[in-house]
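Trainee: From the sequence below, what's the structure:
(2 chains)
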Amino acid sequence: MNSSDSIATSAQSFSPRHRRGSALLDNERWLGPLLLGPAVLYIVLLVGVPFLMALYYSVSNTTTGGGTMGFVGLKNFTAVIGTPKFQTALKNTITFGLISQVLILILSNALALSLQTNFRGKRLIRFLILLPWVAPISIGTIAWLWIFDSTYSVLNWMLRLTGLIHGTGYMWLGLPHLAMGSIIAVNIWRQLPLATVILLAGYGSIPQDIHDAAAVDGAGFWRHFFQVTLPLILPITLVALLFGLIFTFTDMVIIYNLTRGGPFDTTQVLASLAFYTGIAGGDLAEGAAIALFLFPLLLAIALGFLMIAHRTEVT
Amino acid sequence: MLDRTKRWGALSTRVGILGVLTFFFAFPFVWMLITAFKRTSDLYDLKHNPFLFYEPPTLEHVKRLFFETLYGQWLLNTAFVGILVVLITLLLAVPAGYALARLTRNWGAKLGIGIFLTYLVPPTLLFIPLSRVVVNLHLDDSLWSLVLVYPSFTVPFSAWLMMGFFKAIPKDVEEAAMVDGYSRMGAFVRVVVPISFSGILTVAIFSFTLVMQEFVYAVTFISSVRNMTVGIGVPTFLVHGDVYFWGSLMAGCFIASVPIAIIYNFFVDRFISGFTMGAVK
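Mentor: Numbering: from 1, shown residues only, chains lettered A, B, ... in the order given. Coordinates of the predicted model:
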């Protein structure tokens, strides 16, 4: 825009007619809600309302067939809690989530630390590291289904090659502990990239002077890590952990594709049980009740995020 | 001398960690590629080294995938849903992000966090009531059900990301534009949006990958094979019974995962900076 143009337009903006026409578009009291409104309305309609519906379903006796929507109080919850299926699923959810997250925290720190220096091929390595996270999860798990195949498992073949096992090898998804181990491994494979990326950003944001100062003071690797680096990346580690927890506890794709909850429900988690009960089994009410047991957990995670948001605002 | 051994130790630890984990990450994709081009007789011979080709590579699995299954249709369905969802997401999240960054005073920050928190309400909690909503709207077994529902997880996070992008733009930019005669809205549309192009592109790519990732809603709402997205078509229809066509399956997995990953990789730096700017400021 040349200068004569801008003078012309700014002169125009002082003419009364122009001002009246754009009053709404200039008034920040109205423009804010106007721009925000559609998104908020959409979120209320497609997240808020269904959430309330889920709450209502869990205290009703509704099924996929529709029909009655009678109020039954806490019957669904009490009926659900008593079943061994639910108790196993709850226990599995906790085992699955905790073991996954502990390993992800350790490995993502190791990876992010290893990626601190520049070297040839770093971009390629980073691309490969990101692959499992970027690739559609339901597709990625199918590759694992093939890797764990009972007859043609390439994993068994590799273990045989290294002499670790003899004979036909393990039924990775067929034995309770192995199946749990397998889905934890796939979950780590899937979520480690995101945690690593978040931590890399955290490590990158630490000013070099701090590292230099620690080096001058003669801090060794572990002291440097635990006393200098770790405290500084703690908030961002918490972000990685919260994302990890939420994706682990609410995801059922890995289980749906690999074990379908089996063998004998040993890999059934709350999210998958809610699906099998509510959609496959047609009992919407009980499915909703099971899914709602995830809610206290999600609330705790949400509070964690609020804490972080509050802290970053204060500092 | 001691220093030298220490440095070697550190280097080999680093190479070891990167080597082992990179292998772990990349192996399933390598395995897809090997399986996809191996002849069936070669694939299922237990005496063969599974990494070697004893017979020449073949395209039989890829051909079966495209000519004997609805894989091509699933790819089109996914693209259809993805593009529409990206458009809806941008229309809702870009203005919302701008309003949160600039046009709201104290309540903006709180509302922003509130919107971000809705991203944490997972499909596993909402799919049951939404399945009823979809049926009542007569959208069951239709791709439009996914177009309707998917923005519920792309919009919150995208608005949050856009808020971060807009906050990083100096306020002078709009003030200068408004002095030049643009209204606030005009300054946003004509000046702020163009210079936020990289942020908008990040949100678009991010939303599209989320659509490709989604599974729970798709498997709940879509029942006929023709309407499936690639994410549910491959695992629910191609993996049926006990006779898996592993060659075709792996070809289908590779085609649906690696190209999008390569595109994503071009944006990953912008994405990472956007992600952390939005999530931790």
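
Trainee: Residue 227: neighbouring residues, count only.
Mentor: Chain wasn't specified; assuming chain A. Residues lying near A:Gln227 (other Cβ atoms under 10 Å in any protein chain shown) number 11. Every C-beta, even on glycine, is put in place using the N, C-alpha and C of the backbone.

Trainee: should've been chain B
Mentor: When neighbours are defined as other Cβ under 10 Å, B:Asn227 has 21 of them.

Trainee: so who does it touch?
Mentor: Applying Cβ atoms under 8 Å, 6 or more residues apart in numbering or on different chains, we find B:Asn227 in contact with B:Asn77, B:Asp141, B:Ser142, B:Leu143.

Trainee: In the helix or strand containing B:Ile128, which of the residues would be classed as buried?
Mentor: When elements are assigned from DSSP states H and E, B:Ile128 belongs to helix B:123-136. Residues B:Pro123, B:Thr124, B:Leu125, B:Leu126, B:Phe127, B:Ile128, B:Pro129, B:Leu130, B:Ser131, B:Arg132, B:Val133, B:Val134 are the ones in helix B:123-136 that count as buried (16 or more other Cβ atoms under 10 Å in any protein chain shown).

Trainee: which strands and helices sit next to the very next helix or strand once past it?
Mentor: Downstream of helix B:123-136, the next assigned helix or strand under DSSP H and E is helix B:143-149. Helices and strands touching helix B:143-149, by 3 or more Cβ pairs under 8 Å, 6 or more residues apart in numbering or on different chains; DSSP states H and E, are helix B:71-98, helix B:123-136, helix B:216-221.

Trainee: Those helices: lowest mean pLDDT?
Mentor: Lowest mean pLDDT of these: helix B:123-136, a mean of 86.

Trainee: Quick check, B:Ile113 in contact with A:Met307.
Mentor: No - the criterion here is Cβ atoms under 8 Å, and B:Ile113 misses it with A:Met307 at 11.0 Å.

Trainee: neighbour count winner among these two?
Mentor: Higher neighbour count among B:Ile113 and A:Met307: B:Ile113, with 18 against 13, using other Cβ under 10 Å.

Trainee: Tell me the pLDDT of the closest residue to A:Phe293 other than its chain neighbours.
Mentor: Distances taken as Cβ to Cβ, 6 or more residues apart in numbering or on different chains put A:Leu270 closest to A:Phe293, at 5.7 Å, once the chain neighbours are dropped. A:Leu270 is assigned a pLDDT of 87 by the prediction.

Trainee: Quickly note the distance from A:Leu270 to A:Leu103.
Mentor: Distance, A:Leu270 to A:Leu103, by Cβ to Cβ, to the nearest Å: 21 Å.

Trainee: more neighbours, the two?
Mentor: Counted by other Cβ under 10 Å, A:Leu270 and A:Leu103 do not tie: A:Leu270 has more neighbours, with 24 against 16.

Trainee: The helix or strand harbouring A:Gly32 - what's its average pLDDT?
Mentor: Per DSSP H and E, A:Gly32 falls inside helix A:28-43. The average of the pLDDT scores along helix A:28-43 is 84.

Trainee: mind listing what's buried in that helix?
Mentor: For helix A:28-43, a neighbour-count test (16+ other Cβ under 10 Å) marks A:Leu31, A:Gly32, A:Leu34, A:Leu35, A:Leu36, A:Pro38, A:Ala39, A:Val40, A:Tyr42, A:Ile43 as buried.

Trainee: Could I get the buried residues of helix B:123-136 in TSV, plus columns for distance to chain A?
Mentor: Below are the buried residues of helix B:123-136 laid out as TSV (distance: Cβ to the nearest Cβ, whole Å):
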residue	distance to chain A
B:Pro123	7
B:Thr124	4
B:Leu125	5
B:Leu126	5
B:Phe127	7
B:Ile128	5
B:Pro129	3
B:Leu130	5
B:Ser131	7
B:Arg132	7
B:Val133	7
B:Val134	10
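
Trainee: Turn the residues you listed into JSON lines, columns for distance to B:Gly247.
Mentor: As requested, those are exported to JSON lines (distance: Cβ to Cβ, whole Å):
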{"residue": "B:Pro123", "distance to B:Gly247": "32"}
{"residue": "B:Thr124", "distance to B:Gly247": "33"}
{"residue": "B:Leu125", "distance to B:Gly247": "38"}
{"residue": "B:Leu126", "distance to B:Gly247": "37"}
{"residue": "B:Phe127", "distance to B:Gly247": "33"}
{"residue": "B:Ile128", "distance to B:Gly247": "37"}
{"residue": "B:Pro129", "distance to B:Gly247": "40"}
{"residue": "B:Leu130", "distance to B:Gly247": "36"}
{"residue": "B:Ser131", "distance to B:Gly247": "35"}
{"residue": "B:Arg132", "distance to B:Gly247": "40"}
{"residue": "B:Val133", "distance to B:Gly247": "40"}
{"residue": "B:Val134", "distance to B:Gly247": "35"}
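
Trainee: A:Leu284: which of the residues you listed is nearest?
Mentor: Of all the buried residues of helix B:123-136, A:Leu284 sits closest to B:Ile128, with 5.4 Å by Cβ to Cβ.

Trainee: Tell me who's in contact with that closest one.
Mentor: By Cβ under 8 Å, 6+ apart, B:Ile128 lies in contact with A:Ala54, A:Tyr57, A:Ala274, A:Gly278, A:Ile279, A:Leu284, A:Gly287, A:Ala288, A:Ala291.

Trainee: what about 10 Å?
Mentor: By Cβ atoms under 10 Å, 6 or more residues apart in numbering or on different chains, the contact set of B:Ile128 is A:50, A:53-54, A:57-58, A:62, A:64, A:274-275, A:277-279, A:283-292, B:220.

Trainee: Identify the residues contacting A:Ile254.
Mentor: A:96, A:137-138, A:140-141, A:144, A:182-187, A:189-190, A:248, A:267, A:269, A:272, B:215.

Trainee: Restricted to helices, list these.
Mentor: Among those, the members falling in helices (DSSP state H) are A:96, A:137-138, A:140-141, A:144, A:182-187, A:189-190, A:248, A:272.

Trainee: so which of those comes closest to chain B?
Mentor: Nearest to chain B among the ones in helices among the contacts of A:Ile254, counting by Cβ to the nearest Cβ, is A:Ser138 at 4.6 Å.

Trainee: I'd assumed B:Phe215 was in contact with that closest one.
Mentor: Yes - counting by Cβ atoms under 10 Å, B:Phe215 is a contact partner of A:Ser138 at 4.7 Å.

Trainee: No more questions from me, cheers.
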